[in-house]
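Participant: Prediction below, plus the sequence it came from.
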Amino acid sequence: MFVQVIEGRCKDAAGLRRQLDRWMDDIEPGASGWLGATAGVTKAGDAIVVVRFESEDAARRNSDRPEQGAWWNETSKYFDGEVTFRDCREVDTFMSGGSDDAGFVQVMQGRFKDAESMRAMEAGAEERLRELRPDLIGGVRAFHGDGSHTEANYFTSEAEARAGEKRMGAEAPDMASEYMSAIEDVRFFDLTEPLLYSPRR
């Protein structure tokens, strides 16, 4: 899997949503190798879009389409200032991965002190995590290539996610603290109204 992360300040969340919906209607039918996207705007006005492709080649083919370029020229008007694009060639999924059934998505950016140790810890703790966090459907983590990453976690609802955080802190404090101590420069994007897209064909 190849992931592109798009991030910037949004000055018109409703307009951005219309553009994403228009992409699905007008551009998606010809986007071979596109697997889906998760997008949203936080209450603070930060927009983030996590786009999944089968491969980097598929992403490049889509970017090279004239209709994609025209669509982005219009979409960029809904951002305020610079928009950051990150191409991620290294991608992990965990539990059930992403889900269009999620009612709440929390996107986290940060930097692991030791990514391989983190992966080993997660693999050993997945069964326990499923027990503790039935609200957590799964996630997708995309590495930026400079040691940092973007991680989208999909939850059944925000209320259930907050309750799950408290339950995990009470029942498995060591697991929660081990994870947070392994990551630096953390930034959160809480998408209370996530926009979730998948191929229609």
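Facilitator: Received the coordinates, thanks. Residues are numbered from 1 along each chain as shown.
Participant: Buried by neighbour count: which residues of the worst-scoring helix or strand of the chain on mean pLDDT qualify?
Facilitator: Least confident helix or strand of the chain, by mean pLDDT, DSSP states H and E, is helix 173-181 with a mean of 81. Buried residues in helix 173-181, counted by 16 or more other CB atoms under 10 Å: 175, 179. The way it works is simple: take the backbone N, C-alpha and C, and place the C-beta from them, glycine included.
Participant: Touching that helix from outside, list them.
Facilitator: Residues from elsewhere that reach helix 173-181 (CB atoms under 8 Å, 6 or more residues apart in numbering): 118, 121, 125, 128-129, 132, 168-169, 186.
Participant: Which two among the residues you listed are spaced furthest apart?
Facilitator: Arg128 and Val186 (22.4 Å; CB to CB).
Participant: more neighbours, the two?
Facilitator: When Arg128 is set against Val186 and neighbours are counted by other CB atoms under 10 Å, the residue ahead is Arg128, at 13 against 10.
Participant: Tell me how far the helix or strand harbouring His149 lies from the chain's centre.
Facilitator: Element membership for His149, per DSSP states H and E: strand 148-155. Counting by CA atoms, centre = their mean, to the nearest Å, strand 148-155 is centred 5 Å from the centre of its parent chain.
Participant: now stretch 44-63
Facilitator: When C-alpha coordinates are averaged (CA atoms, centre = their mean), stretch 44-63 and its chain have centres 10 Å apart.
Participant: okay, how far is it across it, tip to tip?
Facilitator: Distance between the two ends of stretch 44-63: 29 Å, counting by CA to CA, to the nearest Å.
Participant: buried set for that stretch?
Facilitator: Neighbour counts over stretch 44-63 (16+ other CB under 10 Å) mark 46-53, 56, 58-59, 61-62 as buried.
Participant: Next SSE downstream of the strand holding His149?
Facilitator: Sequence-wise, the next helix or strand downstream of strand 148-155 (DSSP H and E) is helix 158-171.
Participant: What are the contacting residues of that next one?
Facilitator: Contact with helix 158-171 is made by 103-104, 106, 132-136, 155, 175-176, 190, 192, as judged by CB under 8 Å, 6+ apart.
Participant: Helices - which of the residues you listed land there?
Facilitator: Per DSSP state H, helices hold the following members of the contacts of helix 158-171: 132, 175-176.
Participant: before we move on, back to that, the strand holding His149 to helix 158-171, inter-axis angle?
Facilitator: 110 degrees (axes from the mean of the first three to the mean of the last three CA atoms, to 10 degrees).
Participant: Partner strands of strand 148-155, with direction?
Facilitator: Here strand 148-155 is paired, per DSSP bridges, with strand 104-112 (antiparallel), strand 136-143 (antiparallel).
Participant: In JSON lines, list these along with mean neighbour count and mean pLDDT.
Facilitator: What follows is the strands paired with strand 148-155, written out as JSON lines (neighbours: other CB atoms under 10 Å; pLDDT from 0 to 100):
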{"stretch": "strand 104-112", "mean neighbour count": "20", "mean pLDDT": "96"}
{"stretch": "strand 136-143", "mean neighbour count": "22", "mean pLDDT": "96"}
